[in-house]
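Can you look at this prediction? I've put the sequence above it.
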Amino acid sequence: MLVLGLVIGFPLLGFLVLLAFGKRIGDPGAGWVGTIAIALSFVAAVVTWILLLSKHAGQRTQVLRLFQWIHAGGFHVNITFRADPLSVVMMLFVTGVAALIHLYSIGYMKRDARFHQFFVYLNLFVFSMLVLVTANNLPLTFLGWEGVGACSYWLISFWFERPSAASAGKKAFIINRIGDMGFMLGTFLVFENLHSVSYSQVLPAAHRLPAGTAEAIALLFFLAAAGKSAQLPLFTWLLDAMEGPTPVSALIHAATMVTAGVYLMARLSPILALAHAASTTIAIIGVVTAFVAAMAATSQTDIKKIVAFSTVSQLGYMMLGIGTGAYVAAIFLMVTHAFYKALIFLSSGSVIHSLDSEQSIRRMGALAKLMPITAWTMIIAWLSIAGVPPFSGFFSKGSILEDAFGRNELLWVVGVVTALLTAYYMGRLVFVVFYGKPRWQEVTKGHEPHESPRIMTIPLIVLAVAAAVAGLLNLPYSGLRFLHNWLSPVFGSALVSYHLSASEKVLLPATDAVVALLGVVIAWRLWRNHSERKALEPTVLLKGWYLDSFYDRTFARGGTALAKFGDRVVDPTIIDGAVGGVAWLFRWVGGLGRKVQSGLVRSYLLIMVGGIVVMLAYVLVSAAR
Amino acid sequence: MGSDPLLAGHIGWVVVLIVVIKVIVAFIAMMVSVLLAIWIERKVISDMQNRIGPNRAGPFGLLQSLADGIKLFFKEDLIPERSDKFIFKLAPYLSVIPAFLTFTLVPVGGIVHIFGHTTELQVADPPIGILLLLAMSSISVYGVMLAGWSSGSKYPLIGSVRASAQMISYEAAMGLSIASVVLLTGSLSTRDMVTQQLGTFFGFIPHWNIIRLGVIPFLVFIIAITAEVNRPPFDLVEAEQELVGGFHTEYSSIRFALFYLAEYMNTITMSAIMVTMFFGGPDGPDPSFLHWLWPIVWFIVKTAVFFFIYVWFRAALPRLRYDQLMDLGWKVLIPVMLVWLLVVAAMRVSRPLGFAMVGLGIVGGLLLYRAIAVGRDRSTARELARPARAELEPPRERREDHGDS
Amino acid sequence: MSIPGSWYLVVAALLFGLGAFGVLTRRNVIVMFMSVELMLNAVNLTFVTYARMLNDVGGQVAVFFVLVVAAAEVVVGLGIIVAIFRHRATVTVDDISSLKG
Amino acid sequence: MIATVISVPQLIVFIVSVVIIAIGGVGLLSARYPVHAALFLVMTLFGVAVLFIEEGAEFLAAVQVVVYAGAVVVLFLFVIMLLGVDREEITSFAGDTVRVALAGVGVALILAELFIVATGAWVTGAHAVAGKLSAGSNIGVLARSVFTTYLLPFELTAALLVIAVVGAVILSRRMSGVAQPRAHESREV
């Protein structure tokens, strides 16, 4: 499985080349190097996929062992990569979408002062993500996990000259740490109970776990996933992550970072299958996240904030799928989401780019004529995410909702309401930005916004096509459920399938379609000619349910107060006092010793002679005894 | 481990007598050969310089040295007022005695039977053997050093400080060269060295250490020895142009003669040592009569050749500058000899290892050469950036100079 | 019959005493240094004597090392003395007391 | 009793060398000039070397002369001459009687104790670890011991010597930042 090594190796190579020579290669050469590295990685991923495809369904798990990494007592960790249907799917869409984003970035980041550095980070980001999804053991996954976190920190605060960008990077990093704690504790528990951290050994042996332990492990890993995949209550960082350049947002939201949590959950499906309570919790948190975020999205005025909330919402859907045992549906949604969310971001980026970095939708409008490609791709993305048939979102979201219905009708109800909201807020976005009256004059200062260069629009078109037709991957008809058939060996018995009656099988998708169209219509009615409706944009939603303020009040200010207490009370009195006391004690003792130190060599020698006399006397006395 | 068979058995008065005779013969032989050597040197140099040289006293001026000696004996014995009198008197003897003692090591011939005893034709064959050479050359530093110091004068002092630094420096190279011979011989004894060199390769190439060891130890040894005995071109100690007469400027009369004597004794002794260590000592073709005589003849001939080479050096080579002298000793001779010692040792273990060591030595040598060149360039640059200053003179001396002037 | 070892030991003890007295009473750093060498020689003599008495070459090996270490010590010590002299133009120990506490 | 046991030549050699050692040691203590002190030191060293030979340690005797007399004391002389401190009157015990008395008492005590040690019967039960001495010359035994049992210390001394040389070079280099002795200081000395 050497080609698997190439999949991971190309981004690493690109990273190293850019790290060493990036500055010399410059703009736009560095961008091309990065793009080509990822594109080659994508090709290698395709080859891997074909190789796996040529094998029998039961033998599609291949392992590439490079070397031993950690060896401590009974604890072995190897650098081992794994190609199985799940990781191949991840690889394919990660490298594919990332390649397009790289390409787009060449145009977007043009003339940036640290152009080459941006691609250094991007390549490392993709490399880390690939390590994460192909690792064959928990520590290696964790390595990728942390790598992704570190890269997101660098990329979000890429324009660190802006204080908001710097603090957004820090926020992402810190909130992710909370999740990492869950990851590490979960890993420890797994090793404690199964004496291994390798997936090859842990997953088949998962059934040996006691039920309570399985629940604990599942919840701990879900904590990790909630951090990375922005679930309640840890999603606030994802909104601030908008401070990074738009391609970074696209990469984080679509292909790399946030999908890591969903992937981890899917990877650990045998453990989750044992943890019923945990699964239910996950499903509930997922659907609540989806709803809460969708509500918040309806009131945002920053174009990227809307998209960010929509990501959180969609991730909530994925977690709902995970929680209900519909892993295939979750992965399916993840893939389609990768396409249309990348598309939405890149389209938004295109808009922002042409409006000189203006992000408020209040100062946009009537851009459809001026930027036809961007507008059309955005509309395709909107229809996809809204779930309008036959776009991809209809199928992927539909399958999640079906399983949610099978599990519990209440989950389904919330899900459907969220779907309505999704169609609505995305419609609002499209109408306000691309239709209505132009409100961008004071931003552009006279000149008209124009379509982005081709290097940016080509990825848009490719992604638009993908977003439109990705539903074909897993049509809900037996025989056409390609993704399902491909992935089910991985999940095996963990994959839950609910029996729906024939009428339900017709009614549920119909409901989805109706709800989606309803949302579109409502949006059209409400926002066709308006850019602002106070009644529909309550402050509580604009502020994202005040979650950030809450964190700020409790944790941030509490921490500051604690630090101030330490600074004013603990440090000067207790610590300084102790240190000073010790110093004083030694100075005092040293002062005594100083008196002996006359500086005259011969005095010392005299003392030495005295010492010799005493020593010899001791020898004589002890010998005489 | 060589040891004189004479001392192996019971030591009676005859044995003591034989030893005393050996000592006396050696002493007289040294004295006479010094007289001859001085004459030869003057003659050879004058020939080389296209002049006649001594020709008044005796046939061909043969008795010139004797005449000079007698003249010096009867000159007034001056002791400078500021000198340290005891040491001033002691110093010449400290020069002569080591020169003579070193000669006791040299095997001048084979083994002879005398008065019913078997003995070696050398004054002593101690177990430490060649180490005595090192010890004596260490001691001979004192003569020069104390002579310069005790004169209570500036030029002799500078000469003697130079001399001590020079002798200590070259002693290291000399010791390493000796070590390579010892390594090959497996013994410290000079007698063993000589017996090891008997015989031939292929019937005609002499089995001498110069061939067995390669030429390098010999070259290093002859250079080091020349510096050690302060012969030209290493006679910085008595550089007339700079230091008047060097360390013996203040000496006159018989004490001066003693230094002169020591210098020539040293030259002859070192020639003899070289013959012993590298040229088979008394080894040579042996016509089938007078077995005891031929080794002695061969020994004398070889020694004379080396003495001639010394004279030749003096006539042909210009004197080195002091920094060149130190560079040669520390940066050339010692590294080269160290590497060669490794090569010899490795060759004794196995041939491939030896050749590997040769390669390693060449590589290391090149690196060292480069390093020294870089260092020199750098320090030259630093010197240029700073006002010039005298390196060797002590600071206080300089201050006194200023005070006087 | 050779001389008994204890005689050598007594000589060594005397030599050591002389050296110690020299170190304690002389003021010239260089002479103090020489006195130290005297003490080292006394120790060497003891080592050699014990090597003979105990019939063990280890004593002679120890002397060998003492010689080497003494050489190194003298080299560094004299280097320090030269350096001090350059700073303060004195080799009298009582003048060099800047390490006074 | 002694005369019956000890051979006369050895006794003569012993006594002569002890006298030499004693003269050298006392001379070193009382010499007015450092150069004289150095010469007395050489004298002592020769005496000790003779004792070494008498005890069968010829190699050490040679090394003693080569290293001590040839290198160490020459180095002393070299430094004395280099620094130009040779003409100073330095040995004055005056005004220092208390210290001298203390030193005398201390040394006397050490001597007394050492005499007891030296003349007492000592049975340590120690076995020869490095190798037995042979009757005659011990150079081979010594060499074997140094290059086998004591190889590591031997190598370490090589390192030590290199360090010492480097240290001495660094110490005695005149650094540009180091102040030269000032004029008034030199007048005091």
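Yes, it's here.

which SS state does the nearest residue to A:Leu2 once chain neighbours are set aside fall under?
Leaving out its chain neighbours, the residue that sits closest to A:Leu2 by Cβ to Cβ, 6 or more residues apart in numbering or on different chains is A:Leu64, at 7.1 Å. For the C-beta atoms, the positions are set from N, CA and C on the backbone; glycine is no exception. Going by DSSP: H, G, I helix; E, B strand; the rest coil, the secondary structure assigned to A:Leu64 is strand.

residues contacting A:Leu64?
Applying Cβ atoms under 8 Å, 6 or more residues apart in numbering or on different chains, we find A:Leu64 in contact with A:Met1, A:Leu2, A:Leu4, A:Gly5, A:Thr80, A:Phe81, A:Arg82, A:Ala83.

Extract the C-alpha trace of stretch D:98-109 and format it as CSV.
The C-alpha coordinates for stretch D:98-109 follow below in CSV (Å, rounded to 0.1, in the frame of the first residue of the first chain):
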residue,chain,number,x,y,z
VAL,D,98,52.9,33.3,64.3
ARG,D,99,52.0,31.9,60.9
VAL,D,100,55.4,30.2,60.6
ALA,D,101,55.1,28.8,64.0
LEU,D,102,51.6,27.5,63.2
ALA,D,103,52.9,26.0,60.0
GLY,D,104,55.8,24.4,61.9
VAL,D,105,53.5,22.9,64.4
GLY,D,106,51.2,21.5,61.8
VAL,D,107,53.9,20.1,59.7
ALA,D,108,55.6,18.6,62.7
LEU,D,109,52.3,16.9,63.6
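
what's the closest non-adjacent residue to residue 92?
Because you didn't say which chain, this covers chain A. A:Ala45 (5.1 Å).

you looked at the wrong chain, it should be chain C
Nearest residue to C:Thr92, sequence neighbours excluded (Cβ to Cβ, 6+ apart): C:Arg27, at 5.0 Å.

which helices and strands sit right next to the one helix or strand A:Gly519 maps to?
If you go by DSSP states H and E, A:Gly519 is part of helix A:502-527. Contacts defined by 3 or more Cβ pairs under 8 Å, 6 or more residues apart in numbering or on different chains; DSSP states H and E place helix A:502-527 against helix A:372-386, helix A:392-407, helix A:409-434.

Using a markdown table, lay out those together with mean neighbour count.
Output for these, formatted as a markdown table (neighbours: other Cβ atoms under 10 Å in any protein chain shown):
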| stretch | mean neighbour count |
| --- | --- |
| helix A:372-386 | 25 |
| helix A:392-407 | 26 |
| helix A:409-434 | 23 |
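
Select, out of the ones you listed, the one closest to chain D.
Closest approach to chain D among the helices and strands packed on helix A:502-527 is made by helix A:372-386 (68.7 Å; Cβ to the nearest Cβ).

Just the angle for that closest one relative to helix A:502-527, thanks.
Helix A:372-386 runs at 140 degrees relative to helix A:502-527, counting by axes from the mean of the first three to the mean of the last three Cα atoms, to 10 degrees.

does A:Trp69 count as helix, strand or coil?
strand.

which of the contacts of A:Leu64 are buried?
Buried members of those, counted by 16 or more other Cβ atoms under 10 Å in any protein chain shown: A:Met1, A:Leu4, A:Gly5, A:Thr80, A:Phe81, A:Arg82, A:Ala83.

Which positions in the single longest helix found in chain A come out as buried?
Criterion DSSP state H: the longest helix present in chain A is helix A:163-194. Residues of helix A:163-194 classed as buried: A:165-166, A:168-169, A:171-173, A:175-176, A:179-180, A:182-183, A:185-187, A:189-191, A:193-194 (neighbour count, 16+ other Cβ under 10 Å).

With that, I have no additional questions.
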